[in-house]
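In: Task: produce atomic coordinates for the following.
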Amino acid sequence: MNENCKVLKNNKSIAVIGISRNISRTSTSIAHYLKRNGYDVVGVNPNTSFSKSGDIVVYNDLKEIPHKIDIVNVFRKSEDIPSLIDDILGVGPNVLWLQLGIRNDVAVEPVRKAGIKVIQDTCIMVEHSYCF
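Out: Numbering: from 1, shown residues only. Coordinates of the predicted model:
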């Protein structure tokens, strides 16, 4: 079993940063895919005033989530990653997962140094479908 499969097997609570109320958006469809596959999924989107995306509760920021998050899964531009780092370090997930096309080696370095596993430029849904 590869490392990403181990991550997905051993971590069941996922916060999706950048979820949209539009179900046809990739962030939302992947969040619902993960929920259908047994994960506890919440959304994070500070730019909207919605509290749910289907059956997924959406928060304004990571710090509002009232329970431990295992994986922070990010759907934001690579250049937006630095603005997320303090909140990610504050909630202390086991894993920071940047979706396909998202990579910022400099910004994630403090996360790595804090002992949080970092996966970049990889689709969590593709990895899940490969693993299970």
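In: now stretch 70-83: mean pLDDT?
Out: Stretch 70-83 comes out with an average pLDDT of 98.
In: Export it to CSV, keeping only CA atoms.
Out: Extracted in CSV, the C-alpha atoms of stretch 70-83 (Å, rounded to 0.1, in the frame of the first residue of the first chain):
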residue,chain,number,x,y,z
ASP,A,70,-7.3,14.8,10.1
ILE,A,71,-6.9,16.1,6.5
VAL,A,72,-7.1,19.7,5.3
ASN,A,73,-7.8,19.3,1.5
VAL,A,74,-7.3,22.6,-0.4
PHE,A,75,-8.9,23.8,-3.6
ARG,A,76,-7.3,27.3,-3.8
LYS,A,77,-4.7,28.8,-6.1
SER,A,78,-1.0,28.0,-5.3
GLU,A,79,-0.4,31.7,-4.6
ASP,A,80,-3.2,31.6,-2.0
ILE,A,81,-1.6,28.9,0.1
PRO,A,82,0.6,31.3,2.3
SER,A,83,-2.6,32.9,3.6
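In: all strands of this structure, in order?
Out: Counting by DSSP state E, the segments of the chain that form strands are 13-17, 40-44, 52-53, 56-59, 71-74, 95-98, 117-119.
In: Direction included, what does the second one pair against?
Out: Strands flanking strand 40-44 in the sheet, each with its direction: strand 13-17 (parallel), strand 56-59 (parallel) (DSSP bridges).
In: for the fifth one, same thing?
Out: Counting by DSSP bridges, the strands paired with strand 71-74 are strand 13-17 (parallel), strand 95-98 (parallel).
In: Alright, calling it a day.
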